[in-house]
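In: With the sequence up front, the predicted model follows.
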Amino acid sequence: MDIQARIRDTSAQDQVLASPTGLRRVPRTWLLAGGAALAVAALVAWVASGWASGSSSYDASRVRIAEVTRGDLVRDLSADGRVITANSPTLYAIAGGTVSLKVVAGDVVEAGQELAVIDSPELRSRLVQEESTLASLEGEASRAVLDAQLTRSEAQKLLDQAQIDHTAAQRDVERYQRAFEGGAVSKNEYDRALDGLKKADLGLAAARRDFSLQGQGAGIDARNKRLLADRQQAVVAELRRQVDALTLRAPFDGQVGQVQVAQGTNVAINAPVLGVIDLSVFEVEIRVPESFARDLAIGVPAQVTSSGTRYAAKVAAVSPEVVNGEVTARLRFEQDQQPPNLRQNQRLSARIVLDTREDVLMVERGPFLEQDGGRIAWVVEGSSATRRPIQAGASSLNAVEIVSGLREGERIVVSGTDQFANADRVRISGQ
């Protein structure tokens, strides 16, 4: 007997059960479909619960994460600037007239060199007229001085005569007094001598007053005439200055810049004629963002890089006007620090050090700082990021100071966090 015949199966023990009344047999395909539906429902419920609990998932490649470190935060800004001359005045026409140019744009000139001449017949005619008036007033002033001297001389003459009359009257009184005492003259004759002395006293006093008053009057008249002449002298001096200014001269050694009129052009008063550039002193003009304008001040140190070499400079001027969100500033080189061979409008890079904060917590600067005003950060722990309130401090172009809310070594999302909406916690996958 073989082995299969000796080992019986359990088929003899199987019994066929009757189907319960009222129940139908469910097809197997229905069972499989029902199981799949339950699985999908469970997945949807899990996802929904994830969204409801703020645990949305974001790919790590879509966010930028930086670590909080401790170190020195240097608040600086970098900008591209252009070289401009510190001294480049424009010469204007002092009066209307015809321009005769003596130079062309680009000519090298020396201080005092004649650049252009403006022919103004009107101004020159006014000068001649005023000089004639001055000569007349000078003559009147001289005549007034002479008249004053004559008046004083006449008054002095009358005063001297009164003094002599007074002296003579005193002598008559003394003589009559002796004669009266000796009985040679009568009392009436002596009294007449006394009356003559009193009359001489009055005449002398009047002559002295007249001398003083006439001297003062003559002096006032002469002084007034002198003042009129001096005033006219000032008018003539100003006109002579204007006539001299009709010849435009170089204010310093330099180069002729832009010539704004053509040869022989008739220009109006105060019209620009040409510019002169001082090639010995240059500055660097930069434009900085408006947010840094409040930190810029005259004297703030800066560095200008030319041909790979850094040169010390400082902020010399800051414009009070904001144009297109930028503020214009000028950097002036320190003494003996100007780069050689600079040219007008040459491009240079500049760096301005606004402040240095030592041993502070800081993190890479990113869009998160502007989106939440430096009050919220998403702290990354493992595969999730949690919303946390923080306080940000000073910032530079590359980093921002963390005053509170974070610890050294923690990592935060520094890229834009607007995609996280108002969730308190999100998942970051793929780290």
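Out: Right, received. Where do you want to start?
In: The residue nearest to His166 when sequence neighbours are not counted: what's it in contact with?
Out: Using CB to CB, 6 or more residues apart in numbering and skipping the chain neighbours, the partner closest in space to His166 is Ala200 (4.0 Å). Every residue, glycine included, has its C-beta placed from N, CA and C. Residues in contact with Ala200, defined by CB atoms under 8 Å, 6 or more residues apart in numbering, are Ala162, Asp165, His166, Ala168, Ala169, Gln170.
In: how many other residues sit next to the last one?
Out: When you say that, I think you mean Gln170. For Gln170, the count of nearby residues is 15 (other CB atoms under 10 Å).
In: follow-up on the earlier one: the residue nearest to His166 sits in which helix or strand?
Out: Using DSSP states H and E, Ala200 sits in helix 187-245.
In: And the helix or strand just after that helix, what's buried?
Out: Later in the chain than helix 187-245, the nearest helix or strand by DSSP H and E is strand 247-249. Buried residues in strand 247-249, counting neighbours by 16 or more other CB atoms under 10 Å, are found at Leu248, Arg249.
In: that older thread, next step: the contacts of Ala200 restricted to helices.
Out: Ala162, Asp165, His166, Ala168, Ala169, Gln170 (DSSP state H).
In: Of these, which pair is most distant in space?
Out: Ala162 and Gln170 (12.8 Å; CB to CB).
In: Is Arg357 bridged to anything, and to what?
Out: Leu73 (DSSP bridges).
In: residues contacting the nearest residue to Arg347 once chain neighbours are set aside?
Out: Counting by CB to CB, 6+ apart, the nearest residue to Arg347 once its immediate chain neighbours are dropped is Arg82, at 5.8 Å. By CB under 8 Å, 6+ apart, Arg82 lies in contact with Val284, Glu285, Asn345, Gln346, Arg347, Leu348.
In: give me that answer again for 7 Å
Out: By CB atoms under 7 Å, 6 or more residues apart in numbering, the contact set of Arg82 is Glu285, Asn345, Gln346, Arg347.
In: And the next helix or strand past the helix or strand hosting it?
Out: Using DSSP H and E, Arg82 sits within strand 69-85. Once the chain leaves strand 69-85, the next helix or strand it forms, by DSSP H and E, is strand 90-92.
In: how much distance is there from that next one to the middle of the chain?
Out: How far strand 90-92 lies from its chain's middle: 23 Å, per CA atoms, centre = their mean, to the nearest Å.
In: partners of that strand, with directions?
Out: strand 272-277 (antiparallel).
In: in the strand it pairs with, what's buried?
Out: For strand 272-277, a neighbour-count test (16+ other CB under 10 Å) marks Val273, Leu274, Gly275, Val276, Ile277 as buried.
In: what sits against Gly405?
Out: Counting by CB under 7 Å, 6+ apart, Gly405 touches Ala377, Arg388, Pro389, Ile390, Gln391.
In: If we use 10 Å, what do you get?
Out: 68, 361, 374-377, 379, 388-392, 412 (CB atoms under 10 Å, 6 or more residues apart in numbering).
In: Same list (those) but as TSV, adding neighbour count and distance to Arg294.
Out: Listed next are these as TSV, based on neighbours: other CB atoms under 10 Å; distance: CB to CB, whole Å:
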residue	neighbour count	distance to Arg294
Val68	20	27
Leu361	20	24
Gly374	19	17
Arg375	12	21
Ile376	18	24
Ala377	27	25
Val379	18	31
Arg388	14	29
Pro389	10	26
Ile390	19	23
Gln391	13	20
Ala392	23	17
Ile412	26	27
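In: Which of the residues you listed fall within helices?
Out: Using DSSP H, none of the contacts of Gly405 sit in helices.
In: possible to save those residues as TSV with distance to Val318 and pLDDT?
Out: Below are those laid out as TSV (distance: CB to CB, whole Å; pLDDT from 0 to 100):
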residue	distance to Val318	pLDDT
Val68	34	93
Leu361	31	91
Gly374	25	79
Arg375	30	87
Ile376	33	87
Ala377	33	89
Val379	39	91
Arg388	38	90
Pro389	35	91
Ile390	32	91
Gln391	29	91
Ala392	26	89
Ile412	34	89
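In: now, among these, which is nearest to Gly299?
Out: Using CB to CB, the contacts of Gly405 come closest to Gly299 at Ala392, 27.8 Å.
In: re the thing from before, if we go by neighbour counts, what in the strand holding Arg82 is buried?
Out: Leu73, Val74, Arg75, Asp76, Leu77, Ala79, Gly81, Val83, Ile84, Thr85.
In: Let me see the contact set for the fifth one.
Out: Listed by CB under 10 Å, 6+ apart, the contact partners of Leu77 are 286, 288-289, 291-292, 295-296, 302, 350-354, 396-397.
In: repeat that for 6 Å
Out: Val288, Phe292, Ile352, Leu397 (CB atoms under 6 Å, 6 or more residues apart in numbering).
In: pLDDT score assigned to it?
Out: Leu77 carries a pLDDT score of 81 in this model.
In: That one bridge partners, please.
Out: Counting by DSSP bridges, Leu77 is bridged to Ile352.
In: And it, how close does it get to Leu279?
Out: 29 Å (CB to CB, to the nearest Å).
In: Among the contacts of Ala200, which one lies nearest to Lys314?
Out: The nearest member of the contacts of Ala200 to Lys314, counting by CB to CB, is Ala162 at 80.3 Å.
In: what about that closest one, how many residues close to it?
Out: 21.
In: Wait, it touches Arg208, no?
Out: No. With contact defined as CB atoms under 6 Å, Ala162 and Arg208 do not form a contacting pair (7.8 Å).
In: about what we covered before: want to throw the contacts of Gly405 into TSV with distance to Gly215?
Out: Output for the contacts of Gly405, formatted as TSV (distance: CB to CB, whole Å):
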residue	distance to Gly215
Val68	95
Leu361	91
Gly374	86
Arg375	89
Ile376	94
Ala377	95
Val379	100
Arg388	98
Pro389	94
Ile390	92
Gln391	87
Ala392	86
Ile412	97
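In: So which of the contacts of Leu77 belong to helices?
Out: Using DSSP H, none of those sit in helices.
In: Reformat those as CSV; add pLDDT, neighbour count and distance to Gln233.
Out: Below are those laid out as CSV (pLDDT from 0 to 100; neighbours: other CB atoms under 10 Å; distance: CB to CB, whole Å):
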residue, pLDDT, neighbour count, distance to Gln233
Val288, 87, 20, 53
Phe292, 77, 19, 56
Ile352, 88, 24, 53
Leu397, 72, 13, 63
